[in-house]
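In: the sequence and its predicted three-dimensional model are supplied below.
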Amino acid sequence: MKKTFVLLALICTLLGTSAMAFEVAPVIGFNSSTLNVTGATGDDAAAVYSSKLGMDYGVLASFSMAPLVSLQFGALMDKRKYGVKETIEGFGIGEAEVTMNYIQIPVLLRLSVFPGLSVGAGGYYATGTGDIHFKATETPTGGTPATTETDRAWPTTTKKSDMGLIASVAYNIPIAPLVSFMVDGRYLLGLTNTNDDPALPGETDKWRSIQVLAGLNIGF
């Protein structure tokens, strides 16, 4: 009887450990992104870039690798948006809001530092998809602003692929057995120079993003 009890306890322990060894989290959230531009020339040298809010959604998955340590990866639709404003010599002021869609694959190593609280570090790969949406407003000197919106194919002067580093802080709130509500704040540091314009060899364009994701962590 004692051996049976010990065996049952061991089985329950193994099942419990196995159940928490893998988690899937459907997530949705937003990002605040901009381009960090250096080495621009001409009118572009005085251009001012600003962050805009975009949307993110997708799935994250985590594998336990050791006590308190897990490997997390995912697939996200990452809608990045930024603003740019510049004074055009002999014309006036030009402003644009640019939306670019990426499929992002993040991979992070996570460490639990407190019950429910974890930090993560890793990298991401992203590839552009679909058209780029431009909302442009031109204001001639002494004139009336005119706004136009267009969708354009990805230009050959801008690289579609982007790679970078990620730092993350996440908090999980248990709401049911094997289920928790998760909020994850991330900073993405783009390393790829997305400028591929041979006419601008000295210009460097790199993404900078703050990302906030929320969803349900489901253990198996």
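Out: Received it, and whenever you're ready, just let me know what you need. Residues are numbered from 1 along each chain as shown.
In: in the chain, which spans are strands?
Out: Here the chain has its strands, by DSSP state E, at 22-38, 48-66, 69-88, 92-114, 117-140, 146-152, 161-176, 179-190, 204-219.
In: by contact count, what packs against the fifth one?
Out: Counting contacts by 3 or more Cβ pairs under 8 Å, 6 or more residues apart in numbering; DSSP states H and E, strand 117-140 is packed against strand 69-88, strand 92-114, strand 146-152, strand 161-176. Glycine gets a C-beta too; all of them are placed from N, C-alpha and C.
In: which among those is found nearest to Asp44?
Out: Of all those, it is strand 69-88 that lies closest to Asp44, at 6.8 Å by Cβ to Cβ.
In: quick one: strands adjacent to the closest one?
Out: Here strand 69-88 has these sheet partners by DSSP bridges: strand 48-66 (antiparallel), strand 92-114 (antiparallel).
In: Ala146: which of the ones you listed is closest?
Out: strand 92-114 (10.5 Å).
In: could you check the angle that closest one makes with strand 161-176?
Out: Angle, strand 92-114 to strand 161-176, by axes from the mean of the first three to the mean of the last three Cα atoms, to 10 degrees: 50 degrees.
In: pLDDT weak spots in the protein?
Out: Along the chain, the parts satisfying pLDDT under 70 run over 1-20, 43, 88-92.
In: try 90
Out: Within the chain, the ranges that satisfy pLDDT under 90 run 1-21, 40-47, 66-67, 85-96, 136-147, 199-201, 220.
In: so what's Lys81 up against?
Out: Counting by Cβ atoms under 8 Å, 6 or more residues apart in numbering, Lys81 touches 33, 52-54, 97-100.
In: could you redo the last one with a cut-off of 7 Å?
Out: 33, 52-54, 97-99 (Cβ atoms under 7 Å, 6 or more residues apart in numbering).
In: which two in the residues you listed are spaced the farthest apart?
Out: Within the contacts of Lys81, Leu53 and Val98 form the most distant pair, 13.2 Å apart (Cβ to Cβ).
In: what about those two, which has more around it?
Out: Neighbours were counted for Leu53 and for Val98 using other Cβ atoms under 10 Å; Val98 has more, 18 against 11.
In: follow-up on the earlier one: pick the one among the contacts of Lys81 closest to Ser168.
Out: Ser33 (16.1 Å).
In: can you pull the contacts of the closest one?
Out: 51-52, 54, 80-82, 207-209.
In: repeat for Ala45
Out: By Cβ under 7 Å, 6+ apart, Ala45 has no neighbours at all.
In: any idea how far it is from Lys206?
Out: 17 Å (Cβ to Cβ, to the nearest Å).
In: what separates the spatially closest residue to Thr157 that is not a sequence neighbour from Arg152, distance-wise?
Out: Excluding its sequence neighbours, the residue lying closest to Thr157 (Cβ to Cβ, 6 or more residues apart in numbering) is Asp197, at 3.8 Å. For Asp197, the distance to Arg152 (Cβ to Cβ) stands at 15 Å.
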